[in-house]
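Asks: only the shape, not the letters, is given here:
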């Protein structure tokens, strides 16, 4: 993406910085805190991030970074599915597919869509690393 379509065909669900990073943080928090706090049980990713924010068990800003990345990637996932009329999690490989995706997402250019997605995936992975480190540190105290 950054240089044209360098990260084309990246999986926005399971790839590095993908949707499952936020889901995994949420599920880890459920395992750690759900035994004592029943409100963690059955709660979705968004609700868990809100709980982590209020509990201050991960660094400030991390839940917000996870959620903002999660939101954009969910929008990308939806746009990919609209584009192909089937379940799809891979970013496009062709310039024309990128143009359609950018338009569906409301970006003015393909480059701006690629840049935004790449930045959010990088942000997701960085926030994931911080959250998991903080959760692991909490277990060892």
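Replies: Happy to help now that I have it. If you're wondering where the values come from, they're calculated on a predicted model, not measured in any experiment.

Asks: other SSEs contacting the helix or strand of the chain with the lowest mean pLDDT?
Replies: Lowest on mean pLDDT, DSSP states H and E among the helices and strands of the chain sits helix 45-55, with a mean of 89. Helix 45-55 is packed against helix 19-33, helix 62-84, with contacts defined by 3 or more Cβ pairs under 8 Å, 6 or more residues apart in numbering; DSSP states H and E. Any C-beta I mention is one placed from the backbone N, CA and C, and that applies to glycine too.

Asks: reformat those as JSON lines; add mean pLDDT, mean neighbour count and distance to residue 115.
Replies: Formatted as JSON lines, the helices and strands packed on helix 45-55 follow (pLDDT from 0 to 100; neighbours: other Cβ atoms under 10 Å; distance: least, Cβ to Cβ, whole Å):
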{"stretch": "helix 19-33", "mean pLDDT": "93", "mean neighbour count": "20", "distance to residue 115": "19"}
{"stretch": "helix 62-84", "mean pLDDT": "95", "mean neighbour count": "19", "distance to residue 115": "12"}
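
Asks: need the ones you listed in a markdown table (columns: distance to residue 105).
Replies: Below are the helices and strands packed on helix 45-55 laid out as a markdown table (distance: least, Cβ to Cβ, whole Å):
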| stretch | distance to residue 105 |
| --- | --- |
| helix 19-33 | 15 |
| helix 62-84 | 5 |
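
Asks: now whichever helix or strand residue 137 is part of against helix 62-84, angle please.
Replies: If you go by DSSP states H and E, residue 137 is part of helix 110-140. Going by axes from the mean of the first three to the mean of the last three Cα atoms, to 10 degrees, helix 110-140 is angled at 140 degrees with respect to helix 62-84.
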